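>>> generate coordinates for the sequence data below:
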Amino acid sequence: MLTAKEIRNSFKEFFQSKGHHIVPSAPMVIKDDPTLMFTNAGMNQFKDIILGNAPAKYQRVADSQKCLRVSGKHNDLEEVGMDTYHHTMFEMLGNWSFGDYFKKEAIDWAWEYLVDVLKLNPDRLYATVFEGSAEEGLERDNEAAAYWEKHLPASHIINGNKHDNFWEMGDTGPCGPCSEIHIDLRSDEERAQVDGASLVNHDNPLVIEIWNLVFMQYNRKADGSLEPLPAKVIDTGMGFERLCMALQGKKSNYDTDVFTPLIDKISELSGYTYGKDRKVDVAMRVIADHVRTISFSIADSQLPGNAKAGYVIRRILRRAVRYAYTFLDQKQAFMYKLVNTLIDSMGEAYPEIAKQRELIMKVIKEEEESFLRTLDKGMAILEDAIAKTQKEGKTQISGKDAFVLYDTYGFPLDLTELILKERGMTLDAEGFNTEMEAQKARARNASAVETGDWVTVREDDPVFVGYDVTACPCHILRYRKVKQKNNEYYQLIVSPTPFYAEMGGQVGDTGWLVNGDDRVEIYDTKRENGIAVHLTKTLPADVTAEFEACINEENRIATQCNHTATHLLHHALRTVLGTHVEQKGSFVSPTVLRFDFSHFQKVTPEELRKVEHIANAMVRMAIPLDEHRNVPIADAMKMGAMALFGEKYGEEVRVIKYGDSVELCGGTHAANTGNIGSIRIVSESSIAAGIRRIEAVTAAHAEELADTMQDTLRQLGELFHNAPDLVAAIRKSIDENAELRKEAEEYFKERIKNLTAELLANASEKDGVKIVSMTGTRLPDVVKNVAFAVRQRSAANTAFVAATSDPSGKPLLTVALTDDLVAAGKNASAIVREAARNIKGGGGGQPGFAQAGGKDADGLGAAYQAMMNQF
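You can find the predicted model right below:
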């Protein structure tokens, strides 16, 4: 039986023998594509080539790509664990042809690999072909069907509809028919009873798709019409986990050696056995799947967070924790203990997880512990909701309460339902769904984008010249109109362009396109499918004219000073803290820089000062930029450059050197470190387990920071009469103030004691209850402390009633009751709430103590009387 490692290698070896160049997997987390957060298909890394935005260095390519499908169009998350073949993270084996071979070779080689190489039983294989679409004016894919007829009987070639057999990249762009290969893994007895063809694409867990061959031959326009694609593309993707299931004779992906080491470890840690209880089995499958996703995401530098991709990863992690908490009785962090097992299984194929072992474990452990605390907090809130509902004589908690618990506190809905069921209660599912749909509608409206078709002005390839010039003559190649919410703007593709498009943490350039008196502002430059897209509110009067493209030089200079400073700080951090330090993210704008890096403890002030000194020493050395373009990546590594995990590098890279600082970088940089002027670190903090963040400023902003600090010191000096030792003067003042505060507190305690004694001595009695009252102008703290003192000094049958105002005239009602009065049915909260109407206010508290404020001090007399009437 072939192992997972052997299957993965055999695929690459087969297509290498067919003239394919084997490329490494791209990161699972996508950083510079606004349309995608995660790699959800093998074709993502070739998107620029497919769209015609970049040339294909190799016409034939194959790989094993790590993918993630949890959100958007490919939302598989809630099915993961429930069945035996859905996953969040999965591997996709794929082969591509960019304008080379097409349907015949794709089909013939797929058959050869599956049947001749892997020895799968051809009687168990089925192929689907596109049946055509009258509304699209497309005929059946008879060409693909004819090639399949060489290998399969007609009964095993099945027509598929547009949903299943016409692949589209998105609402617009390359698309075309596809041909899926399915395998029937049922027993011979089951196959004899029910024909496998009738189960294809009908969600049978043992009649499943293993390979999809996509024949891209059309381009979908914004108006929905199709036009032929100039260069046809073959894009195939085979589910690695499903292939392993078929080859290893299993009925579940989770029974293959891709997952069994993890499930065995989960069983060992939890004490539960896989295969005896469905709920336990689902929990183990969820955890085994999700720990892979989380580990690979962290290795690709995507940490769990509260927004975008970080939110998705946190959601996956919390789903796993909740299953462990509910079904495996895991009340302490334990998933992080699975990381070593995962690395043993997959570290050879994906060395990035082995090299990031410590970081992955720390982040997962911290996230687990945080969510377990959230679960405890959610349990308390749910208990309150249950008590409130039961007090009202109901057995169903409101959908709104359940949604707040889910949305605000991250408390899982199914856990809420489980707890309610144990209490003989239910939740208003319809109300919950109403709240959920309202939230989704708000999110859709906020993110809805309507884009028109590109209008082509000139046929040419876009060229970036911004490394060398800040202004140049240019033409608009194409443009389109975009609508988002109430905002309307245009996207321009210009060439040549000096505008740097946002990428790698560096913000995009701003500037102008100038043609005589026509001056169009470019307010941002984004990168879309590898091309710089210039954003403007207005189109030029004549889009066919020649323009002068001019970037905002002041902003560019400030930005590149900050970008270069991140390189110097990275070098200094590694020098001071150690070579384990590695960049985990950055943000570079004209005003500030942020640099995130791996380090497992707080950087001390002394270490920060050393870092700053080393970086500034390099600034003073005025080291010129040593730039190397189009360097083979192997040569770049020999130069001392470090490849960062989670970054996608081509075969040729750009190397930026400043002395001993050597980095792979596509951003813009200072021509000389001396241009930076100085670097000042503003803050250092933790943003996640094992990840620290430095914020810093440079150049003019560093001068402004120094000016502010100098002004602050001068003002402090003046406050302390320009004492020669300012620190000693401040410390003396603090010590004296502490002593005075202590004396004041003693006086305050004595005053409360005397006032309490005075009020108790003058107390009245009503129906056997001693009434201690207070009126007039009083500080709120005095009133509160006297109220508690009265309760403490009174054994029973005593009520404290106060209707006072503070020195500013704001009214305050206070009631305190001894425990026996509360037991007899008196409620301080109800008393002040009712009386507060007289002062146009409100409040509340506990049955034994409550306060209420208001706006109308003239009503204090009536409020006092209303409270007294309760006794």
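
>>> could you report the pLDDT at the residue most central in space within the chain?
Nearest to the geometric centre of the chain sits Gly310, at 1.6 Å (CA atoms, centre = their mean). What the model reports as pLDDT for Gly310 is 87.

>>> could you measure from it over to Glu502?
According to CB to CB, to the nearest Å, Gly310 stands 19 Å off from Glu502. All C-beta spots, glycine's among them, are computed from the backbone N, C-alpha and C.

>>> coming back round to it: and whichever strand or helix holds the residue nearest to the centre of the chain, what other elements does it pack with?
Gly310 belongs to helix 308-327 when assigned by DSSP states H and E. Secondary-structure packing of helix 308-327 (3 or more CB pairs under 8 Å, 6 or more residues apart in numbering; DSSP states H and E): helix 278-299, helix 357-391, helix 413-422.

>>> how far is stretch 56-67 from where the chain is centred?
27 Å (CA atoms, centre = their mean, to the nearest Å).

>>> repeat that for stretch 775-782.
Worked out by CA atoms, centre = their mean, stretch 775-782 lies 50 Å from the chain centre.

>>> quick one: end-to-end distance for that stretch.
12 Å (CA to CA, to the nearest Å).

>>> deepest of the helices and strands packed on helix 308-327, which one?
Mean neighbour count (mean count of other CB atoms under 10 Å) peaks for helix 278-299 among those, with a mean of 24.

>>> give me the mean pLDDT for that helix.
Per-residue scores along helix 278-299 average to 95.

>>> now it against helix 357-391, angle please.
130 degrees (axes from the mean of the first three to the mean of the last three CA atoms, to 10 degrees).

>>> does the closest residue in space to Lys483 that isn't next to it in sequence belong to a helix or a strand, and which?
The spatially closest residue to Lys483, leaving aside those adjacent along the chain, is Glu450, at 4.3 Å (CB to CB, 6 or more residues apart in numbering). Assigning secondary structure by DSSP H and E places Glu450 in strand 449-451.

>>> within its sheet, name the partner strands of that strand and how each one runs.
When pairing is defined by DSSP bridges, strand 449-451 lines up against strand 471-484 (antiparallel).

>>> which element follows the strand holding Glu450 toward the C-terminus?
Moving toward the C-terminus from strand 449-451, the next helix or strand (DSSP H and E) is strand 455-456.

>>> my guess is Val611 meets His571, correct?
No - checked against CB atoms under 8 Å, the pair Val611 and His571 is beyond contact range at 9.5 Å.

>>> neighbour count winner among the two?
Val611 (26 against 21; other CB atoms under 10 Å).

>>> mind checking which helix or strand that one is in?
Counting by DSSP H and E, Val611 is found in helix 605-620.

>>> against which helices or strands is the helix or strand following that helix packed?
Counting by DSSP H and E, the next helix or strand C-terminal to helix 605-620 is strand 626-632. If contacts are counted by 3+ CB pairs under 8 Å, 6+ apart, strand 626-632 sits against strand 652-658.

>>> neighbouring strands for the strand it packs on, and are they parallel or not?
strand 626-632 (antiparallel), strand 661-664 (antiparallel).

>>> mean neighbour count, mean pLDDT and distance to Thr260 for these - can I get that in a markdown table?
Compiled in a markdown table, the strands paired with strand 652-658 are given as follows (neighbours: other CB atoms under 10 Å; pLDDT from 0 to 100; distance: least, CB to CB, whole Å):
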| stretch | mean neighbour count | mean pLDDT | distance to Thr260 |
| --- | --- | --- | --- |
| strand 626-632 | 13 | 94 | 40 |
| strand 661-664 | 21 | 94 | 38 |
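
>>> would you list the phi and psi of Gly677?
phi 80, psi -70 (degrees, to the nearest 10).

>>> contact partners for the nearest residue to it once chain neighbours are set aside?
With sequence-adjacent residues excluded and distances taken as CB to CB, 6+ apart, Gly677 is closest to Ala699, at 4.4 Å. With contact set as CB atoms under 8 Å, 6 or more residues apart in numbering, Ala699 has these partners: Ala558, Cys561, Asn675, Ile676, Gly677, Ser678.

>>> against Tyr126, how distant is the fifth one?
It refers to Gly677. 68 Å.

>>> which one's more surrounded, these two?
Higher neighbour count among Gly677 and Tyr126: Tyr126, with 22 against 19, using other CB under 10 Å.

>>> hang on, isn't that one packed against Gly196?
Yes - at 6.4 Å, Tyr126 counts as touching Gly196 under the criterion of CB under 8 Å.

>>> residues touching the residue nearest to Lys483, list them.
Here Glu450 is in contact with Val482, Lys483, Gln484 (CB under 8 Å, 6+ apart).

>>> OK, contacts around the first one?
By CB under 8 Å, 6+ apart, the residues touching Val482 are Val449, Glu450, Thr451, Gly452, Glu488, Tyr489, Tyr490, Gln491.
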